[in-house]
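J.: after the sequence you'll find the predicted model.
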Amino acid sequence: MTDVSPDIALIRARLLDWYDRHARSLAWRVPPGTRQRPDPYRIWLSEVMLQQTTTSHATPYFQTFTSRWPTVSDLAAAQDAEVMAAWAGLGYYARARNLLACARAVAGEHGGVFPDTEAGLSALPGVGAYTAAAVAAIAFGRPANVVDGNVERVMARLFAVETPVPQARPELRRLAGLFINDQRPGDWAQALMDLGATVCRPKSPLCDLCPIADPCAGRASGDPERYPVKTKKTDRPQRKGVAWVLFDDQGRVAVETRPDKGLLGGMLGLPTSDWTTGEPLTPPPIDADWRDVGSVEHVFTHFSLTLTVMTARGEARAGWRWMPFEAARAALPTVFAKALDRATVESDLFL
């Protein structure tokens with residue numbers, strides 16, 4: 001890290017002024033300068049959805065959820081299967097289970113009102129340190145240190161932090177904490193996020209448009225894109241599996257509910273083998289004239305999957321149920337929707 005000691009007050013003033021003029025218009029956000037109070041439910045829901053996905057991808061899901069379940073109590077009363085189906089495509093399905101657990105805790109133990117402190121929010125099921133800080137700052141105006149990937153990148157460049165991520169994260173969090181005070185904490189958190197998302201981008205940062213370019217040590221180095229310094233990524237493991245797509249005489253597809261624990265837990269799925277690093281050895285789940293119609297590829301966070309798709313026509317076994325194709329495709333996670341598409345395109349068993 002360089003010996004630069006930036007003027008904290010000046011940076012805050014410049015960035016907040018920039019945010020007042022350039023804040024993104026987001027479905028869950030209250031624009032700066034308005035008297036409208038943020039809805040804690042909408043802030044919490046958006047923060048959960050935005051983990052591991054982009055704003056553009058999360059927005060239609062947010063709009064669907066808030067249309068179907070406009071309050072946290074409405075969400076708490078929803079059926080698990082309905083919420084899981086609406087979540088399909090956002091990934092990390094354990095978050096959908098935690099979403100329901102948190103909503104039910106707020107509705108049942110707090111009268112449908114979110115706690116207004118970072119500590120109180122952290123005590124809710126499935127609410128981690130980042131989400132608690134974000135909701136506390138944005139929804140309740142608490143001076144919390146909200147540090148996501150965008151904020152880490154801004155701090156790494158502003159101070160030219162040489163320690164590679166993830167080892168640098170405690171230092172980046174400490175640096176972000178230098179800017180926290182009681183003045184507009186929610187706007188400050190969102191201003192940093194907006195700066196990282198639109199100007200201090202991972203690639204090709206727009207330094208000429210940055211309101212805090214002058215004190216930025218990364219820019220002064222001549223290579224701001226170098227920061228945050230990253231360790232070399234290891235290759236993502238490759239796994240293999242088999243998906244069995246069973247049709248009936250009406251063209252419906254057999255689906256099952258996956259176990260609550262594990263990847264895609266509690267979601268609807270196609271019958272499948274274990275996903276292993278070697279060749280899958282799991283036998284077909286029922287006796288039928290199974291046909292190999294090719295494979296699909298899917299990338300999870302921690303591994304890549306090649307899923308061989310087998311199709312047949314027959315009778316569903318206990319624990320499975322028939323669903324019309326369109327309803328099944330809408331409810332299935334992306335990996336299984338890919339397999340279903342492969343089966344319907346390549347197999348003449350689908351009517």
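T.: Okay, I see it.

J.: and the strands in this protein, which stretches?
T.: Counting by DSSP state E, the chain has strands at residues 238-247, 253-257, 268-269, 291-299, 304-313, 320-323.

J.: let's have the ones you listed in CSV, adding mean pLDDT, distance to residue 203 and mean neighbour count.
T.: (Glycine included, C-beta is placed from N, CA and C.) Listed next are the strands of the chain as CSV, based on pLDDT from 0 to 100; distance: least, C-beta to C-beta, whole Å; neighbours: other C-beta atoms under 10 Å:
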stretch, mean pLDDT, distance to residue 203, mean neighbour count
strand 238-247, 93, 27, 22
strand 253-257, 92, 40, 21
strand 268-269, 88, 36, 21
strand 291-299, 91, 20, 15
strand 304-313, 92, 23, 20
strand 320-323, 91, 42, 16
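
J.: out of these, flag the one nearest residue 109.
T.: Distance to residue 109, taken as C-beta to C-beta, is lowest for strand 253-257 among those, at 27.5 Å.

J.: who are the packing partners of the closest one?
T.: When contacts are defined as 3 or more C-beta pairs under 8 Å, 6 or more residues apart in numbering; DSSP states H and E, strand 253-257 sits against strand 238-247, strand 268-269, strand 320-323, helix 325-331.

J.: contact partners for the residue of the chain positioned farthest from its centre?
T.: Distance from the C-alpha centroid of the chain, by C-alpha atoms, centre = their mean, peaks at residue 289 (39.4 Å). Taking C-beta atoms under 8 Å, 6 or more residues apart in numbering, we find residue 289 in contact with 312-313.

J.: let's see that with 6 Å instead.
T.: residue 312 (C-beta atoms under 6 Å, 6 or more residues apart in numbering).

J.: can you tell me how far it is from residue 223?
T.: Going from residue 289 to residue 223 by C-beta to C-beta, to the nearest Å gives 61 Å.

J.: coming back round to it: for the helices and strands packed on strand 253-257, which one sits closest to residue 69?
T.: helix 325-331 (16.9 Å).

J.: need the helices and strands packed on strand 253-257 in CSV (columns: distance to residue 44).
T.: Converted to CSV, those look like this (distance: least, C-beta to C-beta, whole Å):
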stretch, distance to residue 44
strand 238-247, 33
strand 268-269, 25
strand 320-323, 31
helix 325-331, 25
